[in-house]
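Asker: quick one, structure for this:
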Amino acid sequence: MFRKLARSKAWTAFLAAALLMNLTAGLAFADPGISPNNVERLIFPGEKAVVAKSVTTPVIPPKPDIYFLADSTGSMAPALANVQSNATSILNDVASQTAEPRFGAGDYKDLPTDVYAFNNGASIPASDDGGAAALAAIGAWTAGGGVDGSEGQLYALDRIADGAVNWRSDSTRILVWFGDAPGHDPVCAALNGLGYDITEASVTAKLVAAKIRVIAISLDTGTYPAGLNDDPTASAYNYSPPCTIGGTAGQAARIASATGGVSLTNVSYEDVSQAILQGLENLPADVAMKSSCTAPISTSFAPASQIVTSGDVANFVETIAVASGAAAGTYNCYDWATINGEDMKDSAGHLITETKTIHVPGIDLQPATATNELGIDLSHEVTATVSAGSFGAVANTLVAFKITAGPNTGASGSGVTDASGQATFTYTPAVAPASLGTDSLQACYTNADGSVVYGCDTAAKTWRDTTPPTASCVPTTNPAGLNDPNAPGNGGQGQNQDGFYRVSATDLVWPASALRVLVTDSGSGAVFGPFPTGTKIKYVQAPGGKPGSRLMGDTGVHENYWQLTGKGDAVVTGLDGSGNVSAPVSCLVPPRPQ
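Answerer: Residues are numbered from 1 along each chain as shown. You can find the predicted model right below:
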């Protein structure tokens, strides 16, 4: 329901005095803008930052072109009379509150039988005439015509949008349109003589392109309760043929909304003049915030939009969110405001923006891969670095380290990044076969109590065993437990005359139980074994004999010995669980006498 605008003489005088004071003092409205105009934040993945901001909306420039368009069909006589009697006051009121206004006026009826569909009584003048031509055109409005219910306003709007009223190029274009009935849709080419169909959609597009803001005042004079917004198909018979009958209710409201204007409804004929003033003096600025930010940065604004009077400040709270799992780096984007759906620009036509720089931390674990020799390299250290693009190192961030898979699974630690954004983790595995293999290390940066994980990086550490065992061949006792000492036989070459030896191997990683010993005949190449480390052998060198082996001793009574026969000396090598083979050692015995 339209609400009357209460305007006392005292209030009007106050407005005029206030305006005069502003002009003489040289005051001006604040320039449109967004505050703050630059936002820079460090935001962790999955987290948000909240920024309060304000948008100073632009005031309508002091050069409005205001064109009055009236439905002048037969039912509009009382409304036309109301505007005609108040037209001078309306123009004077506008002129007292802005600078360089220009006015025009016209009216519309209908096709095909009325005297005209649109009459441009007074275009916007090239030079200021104080509204004289517009007042004359308004005074000439005469109610009459209109055969069916719907009227020809879409034709009038099309002509106005095409520039028939001579809008100034640098003005704020405002169309004040009032009527009590919907419009034919389409106004087909067969009737309009323009060679194309005129529809609500085509008219709306032209008005938007021409930057004409529409104040639509819908009257209820008794025939159509919704006035301009009523059903255009309810009484449109005068157009068919040749036109089709179409359109939907709500034409004026949609056109006003699309053009950034205002729609006033349920206005009675005696309130038309007040409605015109209300529309002109309270043009809404529907303010919304937009953002160019894309994944992984997202923005939202509360409220999503708000309506203020042009020139006022709209306040918003922006939430800047970084998606979980976002890649580290510095992201740049910007926000801007829209006014009535149009981008807010400065006086030079440049988009007004707030620049945004968002630094997103990430973690890097080094070295990414490494290989250590178990038993030689006793520990391993990794370094996690938390940084955020051009922001650089991120200090005071908790990093949790853990071995998630591999032989040393479960080892863990934590640290807080230093000024360089770094934290380290060192672990020392047991020197045992169970420690061999590849560990998967993970470093995750978290919130202060570790309950929120922002991101992780991984590294691989391989513990290998490539160090061979050490083999030995030590003279030992015979099955009787006697120990014949080395004899200098055959020239004192250090040979063990009776040939009894203990063959063994030792290793840094593998226990004795996992080691094996091989005995190779240096004369024939025959290989005996593998034997457990510590095995006792009697080696017989028989250059002309056949290499062979047999178990000596009586199990349970004497310790078992292996008798090995070869053509040359016994060469002993050790073998560990990793497949490493030791350097050979020899067990020297003399050949049997011929």
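
Asker: what's the first helix or strand after the lengthiest helix in the chain?
Answerer: Longest helix in the chain, counting residues (DSSP state H): helix 77-95. Under the assignment DSSP states H and E, the closest C-terminal helix or strand after helix 77-95 is strand 102-108.

Asker: neighbouring strands for that next one, and are they parallel or not?
Answerer: According to DSSP bridges, strand 102-108 has the following sheet partners: strand 64-71 (parallel), strand 118-122 (antiparallel).

Asker: to residue 548, which of those strands lies closest?
Answerer: Among these, the nearest to residue 548 by Cβ to Cβ is strand 64-71 (119.6 Å). Glycine gets a C-beta too; all of them are placed from N, C-alpha and C.

Asker: what about the helix or strand where residue 137 lies, distance to the chain center?
Answerer: In the assignment (DSSP H and E), residue 137 maps to helix 132-139. Helix 132-139 sits 56 Å away from the centroid of its parent chain (Cα atoms, centre = their mean, to the nearest Å).

Asker: hey, which of the strands paired with strand 102-108 is tucked in deepest?
Answerer: strand 64-71 (a mean of 26; mean count of other Cβ atoms under 10 Å).

Asker: same for the helix holding residue 137, what does it pack against?
Answerer: With contacts taken as 3 or more Cβ pairs under 8 Å, 6 or more residues apart in numbering; DSSP states H and E, helix 132-139 sits against strand 64-71, helix 77-95, strand 102-108, strand 118-122.

Asker: CA atoms of the last one as CSV?
Answerer: Presented in CSV, the C-alpha positions along strand 118-122 are these (Å, rounded to 0.1, in the frame of the first residue of the first chain):
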residue,chain,number,x,y,z
PHE,A,118,2.9,8.3,-27.7
ASN,A,119,3.2,12.0,-27.7
ASN,A,120,6.5,13.6,-26.7
GLY,A,121,5.1,16.9,-25.5
ALA,A,122,8.4,18.3,-24.4
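
Asker: quick check: mean pLDDT across that strand?
Answerer: Per-residue pLDDT over strand 118-122 has a mean of 98.

Asker: now it and helix 132-139, what's the angle there?
Answerer: Orientation of strand 118-122 against helix 132-139 (axes from the mean of the first three to the mean of the last three Cα atoms, to 10 degrees) gives an angle of 140 degrees.

Asker: cool, and the first one?
Answerer: Taking the same axes, to 10 degrees, one finds strand 64-71 and helix 132-139 inclined to each other by 20 degrees.

Asker: with only the CA atoms kept, save strand 64-71 in PDB.
Answerer: The C-alpha trace of strand 64-71 is given here as PDB (Å, rounded to 0.1, in the frame of the first residue of the first chain):
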ATOM      1  CA  PRO A  64      19.100  14.900 -13.400                       C
ATOM      2  CA  ASP A  65      17.000  14.600 -16.600                       C
ATOM      3  CA  ILE A  66      13.500  13.900 -15.300                       C
ATOM      4  CA  TYR A  67      10.900  12.900 -17.900                       C
ATOM      5  CA  PHE A  68       7.200  12.700 -16.800                       C
ATOM      6  CA  LEU A  69       5.200  10.000 -18.700                       C
ATOM      7  CA  ALA A  70       1.500   9.800 -18.100                       C
ATOM      8  CA  ASP A  71      -1.200   7.400 -19.200                       C
END
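
Asker: avg pLDDT for that strand?
Answerer: If you average the pLDDT values across strand 64-71, you get 95.

Asker: and that strand, how far out from the chain middle?
Answerer: 45 Å.

Asker: same thing with the second one?
Answerer: Taking the mean of its C-alpha atoms, helix 77-95 sits 53 Å from the chain's own mean (Cα atoms, centre = their mean).

Asker: contacts for it?
Answerer: Helix 77-95 is contacted from outside by 12, 64, 66, 68, 70, 72, 101, 103, 130-131, 134-135, 138-139, 141-143, 178, 180, 219, 221, 269-273, 276-277, 280-281, using Cβ atoms under 8 Å, 6 or more residues apart in numbering.

Asker: again, but for the shortest one
Answerer: By Cβ under 8 Å, 6+ apart, the list of residues contacting strand 118-122 from outside reads 103-109, 133-134, 136-138, 140-141, 152, 155-156, 159-160, 164-165.

Asker: average pLDDT across stretch 178-189?
Answerer: Stretch 178-189 shows an average pLDDT of 97 in the prediction.

Asker: which of the residues in that stretch are buried?
Answerer: 178-188 (16 or more other Cβ atoms under 10 Å).

Asker: span of it from start to end?
Answerer: 25 Å (Cα to Cα, to the nearest Å).

Asker: now the helices for this protein?
Answerer: All helices of the chain, identified by DSSP H, fall at 9-25, 77-95, 132-139, 153-161, 189-192, 200-209, 251-258, 272-281, 489-492.
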